[in-house]
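sequence and computational prediction follow.
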Amino acid sequence: MKISTKTQLTLIFLVIACLIGVVTSLIVNSLITDQIIFEAQERVKEDLNTARWVYNSKLRDIERTIHWLSIRYILKNALRNKNILPIRKEITKLMVEEKLDFLTLTDREGIVIFRFHNPEASGDSLIGDIFVKTGLEGKGLSGTQVLSGEELRREGEVLSKKAAMVSIPTQREKSVKEFEETSGMVLKASYPISNFNGETLGVLIGGILIN
């Protein structure tokens, strides 16, 4: 069957139109996809920047509080006399105001003198803690640290319970034994406590749980 020239031209134009439509659709789809990906990446960047700002801001607040406490005369005097009881009420009140989850005082050997949330737990050594070690070297330190369940219990039973998390199985989860996570991540700061001659008397460590 012979196809007329007019029909042939019409078919050619239809094929070309279809090709142009397909190519245009692919280009538009690619541009839209790229735009969506770009906007999603920008949103993630904004969220990360916000989270970083909140993290740094809270860490600075903790650092400022610990530093301010470490230079107070009443704390220096209490550490020198190894008698915290006269200032315990005042420091505990300040902890509540600053929303600190734990505050610990050590001597120049890294031995715990007093835990303000758990006064009965003292006498153990924290010399292996990088925050205490840095403080005994006469420098302040702030950052994030993971404390084990036992370390949290020493800081206080309330803190330990606050950090505990029990696994919750989901419908499609493989069968696993139920477990409880007892460790916790904290924002933490430490500062040396020095006498008027610059000699380090001990270290003050404090922070908050961020589980």
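Noted; the coordinates are in hand. Numbering: from 1, shown residues only.

the protein: helices as residue ranges?
5-70, 73-81, 85-98, 130-136, 149-155, 157-163 (DSSP state H).

which regions of this protein sit below the pLDDT cut-off?
Residue ranges of the chain with pLDDT under 70: 1-13, 17, 166-180.

ok, 80 please
1-42, 44-49, 81-90, 92-93, 157, 161-182, 196, 211 (pLDDT under 80).

can you tell me how far the closest residue to residue 116 other than its chain neighbours is from residue 15?
Counting by C-beta to C-beta, 6 or more residues apart in numbering, residue 116 lies nearest to residue 103, which is 4.4 Å off, once chain neighbours are set aside. All C-beta atoms are positioned from the backbone trio N, CA, C, and that covers glycine. According to C-beta to C-beta, to the nearest Å, residue 103 and residue 15 sit 79 Å apart.

more neighbours: those two, which one.
Neighbours per residue (other C-beta atoms under 10 Å) separate residue 103 from residue 15, with residue 103 holding more: 23 against 10.

shouldn't the more buried one be in contact with residue 206?
Yes - with contacts counted by C-beta atoms under 8 Å, residue 103 reaches residue 206, the gap being 4.0 Å.

for the two, list the residues in contact with both.
Residues touching both residue 103 and residue 206 (C-beta atoms under 8 Å, 6 or more residues apart in numbering) are 69, 95.

on that earlier part again, of the helices of the chain, which is nearest residue 116?
Among the helices of the chain, the nearest to residue 116 by C-beta to C-beta is helix 85-98 (5.7 Å).

how about residues contacting the closest one?
61-62, 65, 69, 74-75, 78, 84, 103, 114, 116-117, 119, 206.

buried ones in it?
By neighbour count on 16 or more other C-beta atoms under 10 Å, the buried set for helix 85-98 is 87, 91, 94-95, 98.

now swap in stretch 99-117 and tell me
100-107, 110, 112-117.

can you name the two of the contacts of helix 85-98 that sit furthest apart?
Those two in these that are separated most widely, counting by C-beta to C-beta, are 61 and 119, at 24.9 Å.

neighbour count for those two, which is higher?
residue 61 (16 against 13).

contact partners for that one?
Counting by C-beta under 8 Å, 6+ apart, the residues that residue 61 touches are residue 98.

and for residue 32, the neighbour number?
10.

now render the helices of the chain as CSV, adding distance to residue 190.
What follows is these, written out as CSV (distance: least, C-beta to C-beta, whole Å):
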stretch, distance to residue 190
helix 5-70, 7
helix 73-81, 14
helix 85-98, 15
helix 130-136, 4
helix 149-155, 14
helix 157-163, 17
